[in-house]
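> Take a look and give me a structure for this.
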Amino acid sequence: PVLHFVLLLVMFLPYELLVDAARLICSHSFALDIEPAMDQPYFARSLNDFWGRRWNLTASATLRDLIYCPIADGRLYGPAPGSGSKGPV
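The predicted structure follows:
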């Protein structure tokens, strides 16, 4: 278990430092407010908390906006044939 934790730190910390450095450079150079990519995933208390709320927030938001919301709103496939509706506007 200790070796797994050390391996996690060796893999995760350089990635987190690079992402934070890129955010800092972009925010100071171009006055952009970039959302964080992660929300301290090493403080997660469960797998659901880790995967759903803390790890890779950018990918989660992108998948939600591009896949989940259109399916949930019925915009991905349009109306059923013969329903009389013209489709998504």
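> Contacts for stretch 11-22, please.
Residues outside stretch 11-22 that contact it (Cβ atoms under 8 Å, 6 or more residues apart in numbering) are 37-38, 41-42. Where you see a C-beta, it was placed from the backbone N, CA and C, and this is true even at glycine.
> repeat for stretch 29-41
With Cβ under 8 Å, 6+ apart as the criterion, stretch 29-41 contacts 12, 16, 19, 23, 26-27, 50, 53-58, 61.
> Now do the end-to-end distance for that stretch.
End-to-end span of stretch 29-41 (Cα to Cα, to the nearest Å): 27 Å.
> In it, which residues are buried?
37-38, 41 (16 or more other Cβ atoms under 10 Å).
> about what we covered before: report the buried members of the contacts of stretch 29-41.
By neighbour count, with 16+ other Cβ under 10 Å, those hold 23, 54-55 as buried.
> Would you format these as a markdown table with pLDDT included?
Formatted as a markdown table, those follow (pLDDT from 0 to 100):
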| residue | pLDDT |
| --- | --- |
| 23 | 85 |
| 54 | 79 |
| 55 | 77 |
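> before we move on, back to that, out of the contacts of stretch 11-22, which is nearest to residue 2?
Nearest to residue 2 out of the contacts of stretch 11-22 is residue 42 (Cβ to Cβ; 14.9 Å).
> How far does stretch 60-71 sit from its chain's centre?
10 Å (Cα atoms, centre = their mean, to the nearest Å).
> before we move on, what about stretch 36-46?
Between the centre of stretch 36-46 and the centre of its host chain there is 12 Å, according to Cα atoms, centre = their mean.
> how far does that stretch stretch from start to finish?
Start-to-end span of stretch 36-46 (Cα to Cα) is 21 Å.
> State the mean pLDDT of it.
Mean per-residue pLDDT for stretch 36-46: 81.
> In helices, which of the buried ones among the contacts of stretch 29-41 fall?
Counting by DSSP state H, the part of the buried ones among the contacts of stretch 29-41 found in helices is residue 23.
> what's the weakest-modelled helix or strand in this protein?
Using mean pLDDT, DSSP states H and E, helix 57-63 stands out as the lowest-scoring helix or strand of the chain, at a mean of 80.
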